[in-house]
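In: turn this into a model:
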Amino acid sequence: MIEALLTTGAVDKQVGRLLEETTAELRRLQAGDPEAESRAKVSGSEEDLKLLEYALEEYKKREAQDLTGSDEPVWIPRDPLASLVVSAYDEFLEREGLVREVQPGKGLAAASVPVSNLELEQDAIDFLEGRKKLGGRWLTKYGERDVRFLSWGAAAKISAWIKGKHDFSRDPAPTFPIGSRDRILLVGDWGSGIPRARQVSTAMRMSLEQALKEGRRCHAIHLGDVYYTGQKREYEKRFLDGWPVLRSDDVEKTSSWCLNGNHDMYSGGYGYFDVLLADGRFARQKQSSFFCLENRDWQILGLDSAYEDGDLYGQQAAWVHQMRAAQPQKAGILLSHHQPFSAFEKSSGMLLDRVRPSLNAKYVRAWFWGHEHRCATYEERENIRYPRLVGHGGVPVWAPRQDAPPKVSYLYGRKEEEYFYRYGNERFLRLGFAELTFDDKQIAVRYVTELGTEAHSEVLRVDG
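Out: Modelled structure (predicted):
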């Protein structure tokens, strides 16, 4: 992730520059310009550019609605079009050698870099600021760059997104048995690739190795979102390369699972289903986006709340109730990317409505989710004894400036060890994950920071 691209102002400039260049390229193509026609032969069609131009114009009309979290240090748009634009710039600028990696100062660890160690070269900044002429080639100290390929790259991404989604696997993965003393690592919204997200992976790896030393199997579960739009390149660079379960690990002792997130679907879900789930470490999912892990006392159901944004697509809701009704003696845990409810953001309540029969029957003991880039534990609600938000795996946010909202029993970021200073009094939250260690009818949960230190702990019980 390139920090300079991730503010509301930067995204506005990216959209504006791209729209200007796309319109210019489209006019050249319509006028029969030989070079434009040559680019079209290898990069797309006039219809692709028209679609891009229209989509950018429409976004400009509604962009004020896409400002959720705009006061945070990193603003990742939740609008698919804006996310695709950022993804196109990120890929283009890196491919053209206009991004440099800045190393931390002497003696500083990766966790000391609050946001990103990737910076733009001055030529790229000048281009985004409008100081470099648009309309084709421009010279940099690295040689000649052709910005017109930025438009074609963005057009290809948006055209693929518009054309539709990957097929949904209507069958869940086969139920996977886990041990009564196994460990599960939960991390949400981790796929940013920034140094501190890598630090989270390192801390997760330490927990995994400790579990194996104790004779426990360990299962790592991502709650969804690889940024910006779930492209093949993004999974390879920001997820698979740094995932805490290694390809060399014993598959009898470790497993990997991943939920679908809204950003994973911004490219139609093709990268999620065909790249991430095709990786051998995720083979047990059978390329399905919902699954079940269970032991003698607990049943954990991972759900896809992103194929249909914030909803349960297909027969998932019926599957949840069927699975829980068949094993009522086991305590049920739901996992989702989206929140069933929120003390921080607006929530549609659609997920709650979908699983209402299971909630009314008290089949859901705990629910863990991500999406919001925070960590919090809620008081009992909607017949869920342990509602938990664990979305602080990879996106930098400010430490909370106020006390926990009503019905939130613990809000990560209220203690000094849960944040660090960047400058002055501005505080960044440390990123982190949740460690669940099973012991028959109870689960010891530790909320662990990117440094491997414990921020909070609790015990979840089957009864009581």
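In: kindly export the host helix or strand of Leu208 (C-alpha atoms) in CSV.
Out: Taking DSSP states H and E as the definition, Leu208 sits inside helix 195-213. Coordinates of each C-alpha in helix 195-213 appear next as CSV, following Å, rounded to 0.1, in the frame of the first residue of the first chain:
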residue,chain,number,x,y,z
PRO,A,195,5.0,-3.7,7.5
ARG,A,196,2.8,-3.7,10.6
ALA,A,197,0.5,-6.3,9.0
ARG,A,198,3.5,-8.4,8.4
GLN,A,199,4.4,-7.9,12.1
VAL,A,200,0.9,-9.3,13.0
SER,A,201,1.7,-12.4,10.9
THR,A,202,5.0,-12.8,12.8
ALA,A,203,3.2,-12.6,16.1
MET,A,204,0.6,-15.2,14.8
ARG,A,205,3.4,-17.4,13.7
MET,A,206,4.9,-17.3,17.2
SER,A,207,1.5,-18.3,18.7
LEU,A,208,1.2,-21.1,16.1
GLU,A,209,4.6,-22.5,16.9
GLN,A,210,3.9,-22.3,20.6
ALA,A,211,0.7,-24.3,20.1
LEU,A,212,2.6,-27.0,18.2
LYS,A,213,5.2,-27.2,21.0
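In: buried stuff in it?
Out: Judged by neighbour count using 16 or more other CB atoms under 10 Å, the buried positions of helix 195-213 are 195-205, 207-208, 211-212. Placement of C-beta: from N, CA and C, glycine included.
In: name the residues that touch the helix or strand just after it?
Out: Next helix or strand after helix 195-213 toward the C-terminus (DSSP H and E): strand 218-222. For strand 218-222, contacts defined as CB atoms under 8 Å, 6 or more residues apart in numbering pick out 178, 182-188, 190-191, 204, 207-208, 211-212, 239, 243-245, 253-259, 293, 302, 335, 393.
In: distance of the closest residue to Lys441 other than its chain neighbours from Pro328?
Out: Nearest residue to Lys441 in three dimensions, chain neighbours excluded: Val462, at 4.2 Å (CB to CB, 6 or more residues apart in numbering). Look at Val462 and Pro328: by CB to CB, to the nearest Å, they are 12 Å apart.
In: of these two, which one has the most company?
Out: Ranked by neighbour count (other CB atoms under 10 Å), Val462 and Pro328 place Val462 first, with 15 against 12.
In: might one say that the more buried one is in contact with Arg296?
Out: No: Val462 is beyond contact range of Arg296, at 10.2 Å (criterion: CB atoms under 8 Å).
In: which neighbours do the two have in common?
Out: With CB under 8 Å, 6+ apart, Val462 and Arg296 have common neighbours Lys330.
In: output the below-cut-off pLDDT ranges for this protein.
Out: Flagging of the chain using pLDDT under 70 yields the residue ranges 64-70, 104-112, 132-145, 420-425.
In: domain parsing for it?
Out: 3-162, 176-461 (automatic domain parsing).
In: tell me which other helices or strands the helix holding Leu208 touches.
Out: strand 183-187, strand 218-222, strand 432-439, strand 442-449 (3 or more CB pairs under 8 Å, 6 or more residues apart in numbering; DSSP states H and E).
In: residue boundaries of the helices in the chain?
Out: 8-30, 34-43, 46-62, 80-95, 122-128, 148-162, 195-213, 232-235, 270-271, 316-326, 350-354, 356-360 (DSSP state H).
In: any idea which of those helices gets closest to Gly413?
Out: helix 195-213 (14.6 Å; CB to CB).
In: the closest residue to Gln442 other than its chain neighbours: neighbour count?
Out: Ranked by CB to CB, 6+ apart and with sequence neighbours excluded, the top spatial neighbour of Gln442 is Arg461, at 4.8 Å. When neighbours are counted by other CB under 10 Å, Arg461 registers 13.
In: circling back: pipe the helices of the chain into TSV and attach distance to Arg381 per row.
Out: Shown next, in TSV, are the helices of the chain (distance: least, CB to CB, whole Å):
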stretch	distance to Arg381
helix 8-30	32
helix 34-43	51
helix 46-62	33
helix 80-95	30
helix 122-128	44
helix 148-162	35
helix 195-213	28
helix 232-235	34
helix 270-271	34
helix 316-326	18
helix 350-354	10
helix 356-360	10
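In: quick one: Arg356 from Val364, how far?
Out: From Arg356 to Val364 the distance is 10 Å (CB to CB).
In: cool, and Ala173?
Out: 20 Å.
In: who's more crowded, the two?
Out: Legend: neighbour count by other CB under 10 Å for Ala173 and Val364, higher for Val364 (24 against 21).
In: check contacts around the more buried one.
Out: So Val364 contacts 324, 332-334, 355, 358, 383-384 (CB under 8 Å, 6+ apart).
In: count of residues packed around the closest residue to it other than its chain neighbours?
Out: For Val364, ignoring the flanking residues on the chain, the nearest one in space by CB to CB, 6+ apart is Gly332 at 4.9 Å. Using other CB under 10 Å, Gly332 is surrounded by 25 other residues.
In: Gly332 reaches Leu359, doesn't it?
Out: No: Gly332 lies out of contact with Leu359 (CB under 8 Å); the separation is 9.9 Å.
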